[in-house]
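> With the sequence up front, the predicted model follows.
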Amino acid sequence: MKDIQNHKDDRNIDIDQVGVKGIRYPITVLDKNMGKQQTVARINMYVDLPRYYKGTHMSRFVEILNEHSRRISLQNFSDILEEMKERLDAQSAHMEISFPYFVKKRAPVSGSEGLMEYKCTFRGSLNNGSDLVTIIQVPISTLCPCSKEISDFGAHNQRGEVKLQVRFKKFIWIEDLISLVEESASSDVYSVLKREDEKYVTERAYDNPKFVEDVVRDIAQKLNKDTNITWFAVESENFESIHNHNAYAYIEKHKKHG
């Protein structure tokens, strides 16, 4: 049958990225405590397209995904990208895998267990060299230092979200990144809390007030000390409880190698 994709194109324009987007697919990811975790990902896969090709072979993206479906991880991410380049005769390959990741978390006093959901993404590319970024989004709670200082009693608090992106030298656990973020908040967010737990987290937040600026600086300070991390970007957003706007802070740093 005639292969239209391989026909010549006379417009003389390269395409930076072409491929498939929004594939919903079951995958297995490594779990620090349980070994493995089954989840459902949303996957985007792209390659470059030289000016002399009319189109790419979309079905090959899905074929490659099918071949690796049960062993997609940070360890073999580069292998999948390399296969995309070879099978699609491309100079560069890109892939994004976003998925919900669940961690069993105990309430701080009662010990009641519940599952917390965290949004995670692996984003990688292979061109002249390889690049891999891990991204996590962590819900947090913060209490306003200014409100505590000026109020005769109480202080306003709110839920927020931290988005952390990191590049690294060797494998890093999702759970370790989550813990690093949660330790930098006024208090964790939990899926199950009894009354004694609510008392604890309320008082802990009151004793540990944080602006969004404090959150990103505390996280950056920890990452600066971690020699495994080569680059990071951290942003914190508060969904304000008494203002008609959100508070936001962002830090990005390329660390020196050595």
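Arrived safely, thanks for sending. Model, not experiment: these values are computed from the prediction.

> Just the element for the residue nearest to residue 166 when sequence neighbours are not counted, please.
Nearest residue to residue 166, sequence neighbours excluded (CB to CB, 6 or more residues apart in numbering): residue 232, at 4.8 Å. Using the backbone N, CA and C atoms, a C-beta is placed for each residue, glycine as well. Per DSSP states H and E: residue 232 is located in strand 229-238.

> partners of that strand, with directions?
strand 157-168 (antiparallel), strand 247-254 (antiparallel) (DSSP bridges).

> buried residues in it?
Of the residues in strand 229-238, 229, 232-238 count as buried by neighbour count, 16 or more other CB atoms under 10 Å.

> For residue 93, state which of these is nearest.
Closest to residue 93 out of the buried residues of strand 229-238 is residue 233 (22.6 Å), distances taken as CB to CB.

> quick one, which of the strands paired with strand 229-238 is packed in tightest?
strand 157-168 (a mean of 20; mean count of other CB atoms under 10 Å).

> Could the C-alpha coordinates of the strand holding residue 232 be exported in CSV?
C-alpha atoms of strand 229-238 as CSV (Å, rounded to 0.1, in the frame of the first residue of the first chain):
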residue,chain,number,x,y,z
ILE,A,229,20.6,17.2,42.4
THR,A,230,22.0,19.1,39.4
TRP,A,231,19.1,21.5,38.7
PHE,A,232,15.8,22.3,40.3
ALA,A,233,12.8,24.5,40.0
VAL,A,234,10.4,24.9,42.9
GLU,A,235,7.2,26.9,43.1
SER,A,236,4.7,27.3,45.9
GLU,A,237,1.1,28.6,45.5
ASN,A,238,-1.3,29.3,48.4
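
> model confidence over that strand, on average?
For strand 229-238, mean pLDDT is 97.

> One more: stretch 72-91?
On average, stretch 72-91 scores 86.

> What residues sit buried inside it?
By 16+ other CB under 10 Å, the buried positions in stretch 72-91 come out as 72-74, 77-78, 80-81, 83-85, 88, 90.
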